[in-house]
Every structure is written in C-alpha cells, then in structure tokens.
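Visitor: Here's a sequence, model it:
(chains A, B and C)
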Amino acid sequence: MRNTEPLLRVEHLRVEVPTRRGTLVAVDDVSFDIAPGEVLGVVGESGAGKSLTGAAIIGLLEPPLRIAGGRIALGSTRIDNLPYEAMRRIRGKEIGAIFQDPLTSLNPLYAIGYQLVETIRTHLDLGPAEARARALSLLREVGISGADERIDHYPHQFSGGMRQRVVIALALAANPRLIIADEPTTALDVSIQAQIIALLKRLGRDHGTAIMLVTHDMGVIAETAHRVAVMYAGRIVEIGPARSIVDRPSHPYTIGMMASIPRTAGQRGRLQQIDGTMPRLNAIPPGCSFNPRCTKAIDRCRRERPELMPVKETETACWQYATVAEAASA
Amino acid sequence: MVSSLAAQSGWWSRAVDSDLMWSFRRSPVTLAATVVAVVIIGSALMAPLIAPHDPYDLASLSLLNATDPPAWLHDGNWSYLLGTDNQGRDVLSTIFYGTRLSLLVGCSAVFLALLLGVTLGLLAGWRGGIADTLIMRVADVQLSFPAILIALLIDGVAHSVLPREIQTRITLYVLIAAIALSYWVHFARTVRGSTMVERNKEYIQAARVIGVHPARIVIGHLLPNVIGPVLVIATINLATAILTEATLSFLGVGLPPTEPSLGTLIRIGNDYLLSGDWWISVFPGIVLALLILSVNLLGDWLRDAFNPKLR
Amino acid sequence: MLAFIIQRLLQSVLVMLTVALIAFALFNYIGDPINNMVGQDTTQADRERLRQELGLNAPFVVQFARFVGRAARGNFGLSYQQARPVGQIILEKMPATLELSLGAAVLASALGVPMGIYTGLHRHSWVSQGMLAVSLIGVSLPTFLIGTLLILVFAVLLGWLPSFGRGTVVHIGWWTTGLLTVEGLRAIILPAITLALFQMTLIMRLVRAEIIEVLRADYIKFARARGLTSRAVNFGHALKNTLVPVITITGLQLGSIIAFAVITETVFQWPGMGLMFIQAVTFADIPVMAAYLVIVGFFFVIINLVVDLLYYVVDPRLRVEREVAAIG
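Guide: Numbering: from 1, shown residues only, chains lettered A, B, ... in the order given. Model prediction:
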C-alpha cells in the first residue's frame, strides 16, 4: 500500500500508571505508522488513550504515567528512550503539538510576537529581526489579518478562533515534520471549527507536515484524514483508510459508532447507541475488551484477546473475522 | 481485577481503605503529629486528674519554693519536676492547666468564628443585594488588616475600657470574642462564594419551585454542600487561634497571671531569663510550639487529602 | 486606567474614614475628650467652658469632621499617662518602628522569595524538604517565642548581642536612626530576625504553592511541547506568571510586619510605636490608642493601594480592558 519509509513508527507502545491498587494500563500494545505528509486520525471516546498516545510520542507524559514497553521511532531515530535534553531538541523542531484550549495554551503575560520569536530562535539560528520577519509571515500564513500590528498584541485580545491560529503558527514555527493535534477544535465554536480544520489541512499539504489528529469528532476525521485508527480502552481496534472506516467499517465498535452519528439526510428512525460504557482502566474485561457490549460476541471473545488482522480494506481486531483472515493468508 | 478489600461491606472497612486513610497512613509525619497532638490535648483535658499540684490553690503555694529549677538540676526538687515559677507554682501542673485554657480559648474562638462567618456568608450568598454588599464591604475593610492586629485592638480596647471589677471575670470571654471577631471573615467569604455557586444549581431551583421554605433550603440542602472547605479552614484556623491567644496573653491583654495560659507563662518567664531562670519560659514554650506544630500538620494533611488536584 | 485609580482611591478613603470613625468613637465617647486635651489641674468651670468652646455639644458629624481635621494635622490630644501631646510621642517612636519593619521586610523578601522559587522548582530534592520542614516550624512558632529563644541563646548564653533596647542612636532632624552606630546595628539584629522569620516562611510557602500551580498550566505544557529550554520555561514563563500574585502577597505581608512589630517590640523592649501601644493599653491611655489606630490604619491603606496599583502595572490583562476581544 504505502511504499515510502514511514516518518513515525510506533510499535507495541504500552503506557502504564502505578496506583495504590496496582498498575493500570492506559495504552496497551498500540502500533501504527505515519507516512510523511499523511494525516492520521485517531478517534475514540474520552479515556480511550488517544491523548496519552500523543503525549507519549512527544515525550510529555506526566509522572507517574510512564512508557512501560514498546518502541517509538522518528525516521531512523528511536525517540522513546532519549534523555530529556535530546528529546527537548526534537520537540518543536521535528514534532510539534497543538492542544485543545487555545486560551490556556498561550501565556497571558507575553505578546504573541514574543512567544513566536522565542520559539523560532530556540530552534533556528536567526537573529531577532529575521525571527520577527518569520513570525510575521507565519501569522499571515495562518490567516491573521493586520499581522504587523497584531504581532504585539496579547492573547486575551484575540478571539478563540484567532487564538487557535496563533497556536498553530507557534507549532509550525520551527517547521516540524509531524504535528500532534489533540482535539484542536473541541473548544471552538462550530462555525470556526471548519475553518481551523481547513487551515490545518492546507498547511499540512503546503509544508509536507504529517498530522496525527486526535479527536472524538468523526465528522472532522471524515473530512481531513487519509487514514484512521479507532481506539477503545487503550487499544487500536480498527485501522485503515479513512473512507473505508467511515463507509464500510468492520469492527463492531466502529460500526456502532458510525451508526450512532445523527444524520440529517436519509431515513429517520431511533437514534442508535451502543449499550453500556467504555470500561474504566481498573475494570477492563478479559479477552476482547469490547465483548460485554458487543452484539456479535462469541465464546472466544471472552477468553482470548484479538490482534489486528487484515479484513477487507482495513485491519481489525475482532474474532468474527478470524476465519476470513486465516483463509486470506493461507 | 477489582480490589477485594473494597468489596468488603461495612463502613469501617471502607473508611480504613479509603483514600483519606491511605494518605494518612502513608505519611509518617502526620502520624507523629497526631500522636503528639493526642498526647498534649489528652493530658490537658485530664489536667485535674494528672497534675501533681493544683496551681490555683493559693494556700499550697509558698514563696520559699519560688523559682526553683527543674528536678534534675542542682537545687531542684523532685516534687516539682520542671521547676517552679515566681509564685512558687509547679511549672508542670501550670502547663497542664494552661494548655487546657489555650485549647478552650482556641476551640471556642474558632467555633464562634465559624458560626458567625457561616451565617453571614449564607446570608450574603443567598440573599445577595444589600445584605451581600454590606457584609462584603465590612469584610473587605477588615481584610485590609491582619487578623492579629484586629484581635489585639478589640482586646486592648476592651481591657482599657472595662472597669477593673468585671474585667477579671469576663476576660476569658472578651478574649474569645476578640479572636473570633478577627477570623469570621475567612469563613464568610468561602461560604458566600460556594452559596452563590450552589444557589443556581438545579436541585436548589427544584426545591424553590416546589415551595420549600427558604430557611429549610439553605440549612437542609445548601449547607451540607458548602460545609466541606469550611471544615478545612477551621482546622487550619485552630492553630492560628491558639497562636493568637498565646500572643495576646504574652502581650498582657490575654489571660492573667492568676489563671495563666501558656502565653502568660512565657511572659512571666521572660522577666527571669536574664537572671538565668530559663525554665519558666522554655518548657511552656516547647509545649506551645509542639501543639501548634502538630495541629498545623494535621491541617496541612487534611487540606492535601481533600484537594483533588494533588491526588 | 484612570477609572481604576479613582476607584481604588475612593476605596482607600472609605477604609480610612472607617478607621477614623472607630478611633473617633474611642476618643470621644470612651475617653473623656476634655481630659484628653488638658491637664489634671484645670478647674471644672474651665472644663465646661472648654466644652462649650470646642463645640462638644455640637452634632456628631461636625465633631467627627473636626477630629479628622485635627488628626490630619497630627493633633491627637494629650496622653493621659505622659501628659504631653500624643503627636510628639508618635514622632519620637515612629523611626524605631519603621527602621525595624523595613529591615525585617527586606530580610523576609530577600530570603523568602528565592527559597520559595527553589522549593517550587525542585520539589522533591532533600534540600527542599529540609527547607520546608524549617518553614513549618517558622510558621508554627509564635513570634514572641522565637524572640525569647533568640534572647536566650544569643544574649544570655552566648552574650553576643544585646537583649533589649535600640543601642545608641543618632539624631538627624526629627529622625533618630540606630543604623549608623555599631551598638545600634547590633541591637537591631535579633529583633529584625524575629520579626522577619514568620513573614519569610509565609512568603516562601506561598511562592512555592504559586509556582507549583503555575507549572501545571496548559501554557507551560505547550511551552515544553515547543521545545523551549528548561530555563525559558521555568524562569521566562513560569516565574513571570508567579510574580504577579507574589507581588500582591509580599506587599500585604510587609503590611502585616508593622502589626507584628507590636510583639517584637514588646519582647525586646524596642522603643517603637508598638510598645507605645501596649503601654497605652496597660494604662488605659485612650488618646494614644486612638492615635495608633489611625496611624497604623493609614499605613495599611497606603500599602494596599500601592500593591493594587503595582498589580495593575504588571498584569497586561487588567490594562487593556477597553480593547474589544472579538477582533477578527
């Protein structure tokens, strides 16, 4: 399918948190690749482990959370075990990040120009005037009008959408190869969301930046992502091309999720839902973690944990496809 | 996977297994503080039972025994373990009774401040409008000044204004009132804030719609929900109240030498420091320090245990 | 900006008037104002005449206004105990208190703020734990106890420093300073440390709590995600945001130093306004008490005002309130 060398390779990532009642696993055996310039959407409910995966990649897991296994590689460099200073140099320069709330992401006491120039000069060897020029061009690129004047304004003088644009500009300041966008539009008005997503898409294309887009909003994913990974209870249950996931999902959870999205067109009926809730970290069922809520569960589902296996256009972790996959690989 | 401990029924096992108890048992400092506090408070409460002498029995005092050093020093006397003060009172016994007084004043003052502050806070938060503005203005003005100064001013003025005769009798109450009046503001502010938040929540709206009497709503529904932080403040304020009482007594406007608290004892002893009779100040000082320290530590632990952000 | 200043000034005036009102009530209705102003030997007839002249039968508001007017000029009547103008007594005692307070304030800030920053940034180092343990003791020990212990160790046992008084003082105009003589400097050391210790530990704990809180903020996380150096994150971003509330707190703490001076002056028999007040209480010297109230109230109001204005200068969010946030 993809024959270029992957930009980011995550293999069997495991994130744990020790608590007084024992160690809990927040991210369990997660593996995926991101190709250069690709947009990978990571969807799932709150608590599924999407944000933690992103935090682990960029090296910002807060103790006592820690990477307990697996391997993360950027290009040919392994990055999950780097010392703090080495990882710091990669952050911002190779991998950037955007978080959910643009208001709290910006330091209220510094003008945005200062924050931009500081970031630029940390990673690129530019003098103050050149850094400022670059900051100005970044602001224009993200669509801030009157950039010459507004570069010296403070964060509280911008509206929510504008602030997020500033945040994007900051993330792009040192031209990273990968940006981890953690719920970038959740805190914004619906009317602004589309603008920001379109901006991200365009910038990704123009600069060749790969994006790992973490969200629980399927609509955003459908518009933007090339490939999608569906996470549930710390594991990836299905991964594949975006169109396949949205139109022809295989995993019962993905099917349930797609069905529960209200549509304005098409037949009206009862709003679908998946019974039950995602299990808490200290109460993950044995076997397939989705089995208590799954309408298609068989005995094997309660005993053995399924691995991702190729099914039709995607890879899915579900036992009902076991025979199909075995037949295909035979 | 679910812990079997928590599955045990019964509130005791749930309490012991709770996060609160866990953080308590985890911290050796808190444990030590509790032990110290229990020892001091316990011995103070049992003062009449365990004190070797009665420091208030004037007939038993003899100036011949005045300013005797502690028992293990030359000139010491084993029946006066920690020595005697300038009036011949046994320092150890006086410490027991004095601690008792300090605790009495501290607890009463905090309780009074809590009562006053919570009431005014509820009033201000629930009614809003003029009541709120008035109460908060007063609070703001008072908050511009440190509490101890206010307590000092109230107490000092009362001392100089009241005629001598009734002064000695009501000095205890004046002291408690002065300290309480200087601390009500913290309670009032917190409760007012919480009340204003809770006031708009659905369960309160529902009660109003049904027609429950406002007083019942406030006391029965609102109060339990705002009382949490108040208790933490109360514990922290207890240490401060004890400290304030000791300070006021030291300055001479607190408990008198006839019924001394720890602060008064230290004041008496101060005059004898230069002549080398150190025990009159030092022993009460150690007890006072340990008492405040342990209450402070307990208050710290309580605050950390209740703060969800630090979990 | 102007609106803010005016509002704060009005607030200060309100507080000041409240304090003056309390002092006036004290002065007029608890003490006998005639006694406050004349000596013992004045006859009854003269007092009655004075009463009439001074308009003590005039309405409350008028009397209050006159009281404020006199106070503003430094006339607080006569001291019961010393039979001389209170204003004069205050002038004599003020330099002692101010020197002590200022010394303690400088000591408390100079040590408290850096220690707070260090223990906030390096939360789990054993040096921090040690500092925190000491600070807990500092907060728990009453000021007078610290003073007593210091006297015991340094004056009685070691005999290095004096245990009371101000040492030799030098007169400069109406000011007396103890800082220009060796004895004066030796005399101020123990009282200043005593006064500073409580405030220093308070400041340290507050700065630490503030920094820890700031370091959790999203903008710190984002700053790290941008790969900024630890130095830039800790000192450029975290510290600057910490200083804003720290300035407020430190300022207010310094105000309370003046209050705590009462205790320290009593322990060390330091001839300042605090000791004056305590002596006034013992002698029921109402005019002195009223005057102390007004003077201390005045100091507090000024300090609060300055701190508020400083806050305004440092935090840009308060400055540009007229900007429309929804541009763009």
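Visitor: Buried residues, the host helix or strand of C:I117. List them.
Guide: Under DSSP states H and E, the secondary-structure element containing C:I117 is helix C:86-121. With burial defined by 16 or more other C-beta atoms under 10 Å in any protein chain shown, the residues of helix C:86-121 counted as buried are C:86-87, C:89-90, C:93-101, C:103-105, C:107-109, C:111-113, C:115-121. The C-beta positions use only the backbone N, C-alpha and C, and glycine is treated the same way.
Visitor: Likewise for stretch B:79-88?
Guide: For stretch B:79-88, burial by neighbour count (16+ other C-beta under 10 Å) applies to B:Y80, B:L81, B:L82, B:G83, B:T84, B:D85, B:Q87, B:G88.
Visitor: do the same with stretch B:276-295
Guide: Within stretch B:276-295, the residues that count as buried by 16+ other C-beta under 10 Å are B:277-285, B:287-295.
Visitor: and the gap between A:H226 and C:E48?
Guide: In this structure, A:H226 and C:E48 are 101 Å apart, going by C-beta to C-beta, to the nearest Å.
Visitor: quick one, which of the two is more surrounded?
Guide: Ranked by neighbour count (other C-beta atoms under 10 Å in any protein chain shown), A:H226 and C:E48 place A:H226 first, with 17 against 12.
Visitor: was I right about that one contacting A:A242?
Guide: Yes. Shown here, A:H226 and A:A242 form a contact pair, counting by C-beta atoms under 8 Å, at 6.0 Å.
Visitor: which neighbours do the two share?
Guide: Common neighbours of A:H226 and A:A242 are not found (criterion: C-beta atoms under 8 Å, 6 or more residues apart in numbering or on different chains).
Visitor: nearest residue to C:L145 other than its sequence neighbours?
Guide: Spatial nearest neighbour of C:L145, excluding adjacent residues (C-beta to C-beta, 6 or more residues apart in numbering or on different chains): B:G285 at 5.0 Å.
Visitor: For that neighbour, which residues are in contact?
Guide: Counted by C-beta under 8 Å, 6+ apart, B:G285 has contacts B:L262, B:I266, C:L145, C:T148, C:L149.
Visitor: ditto for C:E99
Guide: C:T177, C:G178, C:L179, C:I188.
Visitor: now, which of these sits nearest C:I203?
Guide: C:I188 (20.5 Å; C-beta to C-beta).
Visitor: shouldn't that closest one be in contact with C:G178?
Guide: Yes. C:I188 is within contact range of C:G178, at 5.9 Å (criterion: C-beta under 8 Å).
Visitor: shared neighbours of the two, anything?
Guide: Shared contacts of C:I188 and C:G178, defined by C-beta under 8 Å, 6+ apart, comprise C:E99, C:R166, C:G167.
Visitor: on that earlier part again, next step: the buried residues of stretch B:276-295 restricted to helices.
Guide: Secondary structure from DSSP state H places B:279-285, B:287-295 of the buried residues of stretch B:276-295 in helices.
Visitor: Quick check: which element contains B:S108?
Guide: With elements taken from DSSP H and E, the one containing B:S108 is helix B:91-127.
Visitor: With only the CA atoms kept, save stretch B:217-233 in PDB.
Guide: The C-alpha coordinates for stretch B:217-233 follow below in PDB (Å, rounded to 0.1, in the frame of the first residue of the first chain):
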ATOM      1  CA  ILE B 217     -33.500  25.000  51.700                       C
ATOM      2  CA  VAL B 218     -30.500  26.900  53.000                       C
ATOM      3  CA  ILE B 219     -29.900  24.800  56.100                       C
ATOM      4  CA  GLY B 220     -31.100  21.400  54.800                       C
ATOM      5  CA  HIS B 221     -29.900  21.400  51.200                       C
ATOM      6  CA  LEU B 222     -27.300  24.100  50.700                       C
ATOM      7  CA  LEU B 223     -25.400  24.000  53.900                       C
ATOM      8  CA  PRO B 224     -24.200  20.400  53.600                       C
ATOM      9  CA  ASN B 225     -22.800  21.100  50.200                       C
ATOM     10  CA  VAL B 226     -20.800  24.100  51.200                       C
ATOM     11  CA  ILE B 227     -19.500  22.900  54.600                       C
ATOM     12  CA  GLY B 228     -16.600  20.900  53.300                       C
ATOM     13  CA  PRO B 229     -14.000  23.600  52.700                       C
ATOM     14  CA  VAL B 230     -15.200  25.300  55.900                       C
ATOM     15  CA  LEU B 231     -14.000  22.400  58.000                       C
ATOM     16  CA  VAL B 232     -10.600  22.500  56.500                       C
ATOM     17  CA  ILE B 233     -10.300  26.200  57.100                       C
END
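Visitor: returning to that earlier point: okay, and which of the contacts of C:E99 map to strands?
Guide: Among the contacts of C:E99, the members found in strands (DSSP state E) are C:T177.
Visitor: which residues are contacting stretch A:56-71?
Guide: Applying C-beta under 8 Å, 6+ apart, the external contacts of stretch A:56-71 come out as A:8-18, A:25-27, A:29-31, A:52, A:55, A:72, A:78-80, A:82, A:87, A:90-91, A:95, A:97, A:180, A:212, C:221, C:224-225.
Visitor: at 7 Å instead, please
Guide: Stretch A:56-71 is contacted by residues A:10-18, A:26-27, A:52, A:55, A:72, A:78, A:80, A:87, A:91, A:95, A:97, A:180, C:221, C:224-225 when judged by C-beta atoms under 7 Å, 6 or more residues apart in numbering or on different chains.
Visitor: Check stretch A:134-144 too.
Guide: A:113, A:116-117, A:120, A:126, A:147-148, A:150-151, A:162, A:165, A:168-169, A:172-173, A:199, C:328.
Visitor: Would you state the strands of the stretch 101-250 of chain C in chain order?
Guide: Remark: strands assigned in the stretch 101-250 of chain C by DSSP state E, counting those that start in this stretch are C:170-172, C:175-177.
Visitor: Return the most buried member of those.
Guide: Ranked by mean neighbour count, the strands of the stretch 101-250 of chain C are led by strand C:175-177 with a mean of 16 (mean count of other C-beta atoms under 10 Å in any protein chain shown).
Visitor: Test for you: state the pLDDT assigned to A:F32.
Guide: If you check A:F32, the pLDDT there is 91.
Visitor: Break chain A down into its domains, please.
Guide: According to automatic domain parsing, chain A comprises the domains A:8-94+A:177-263+A:272-278, A:107-175.
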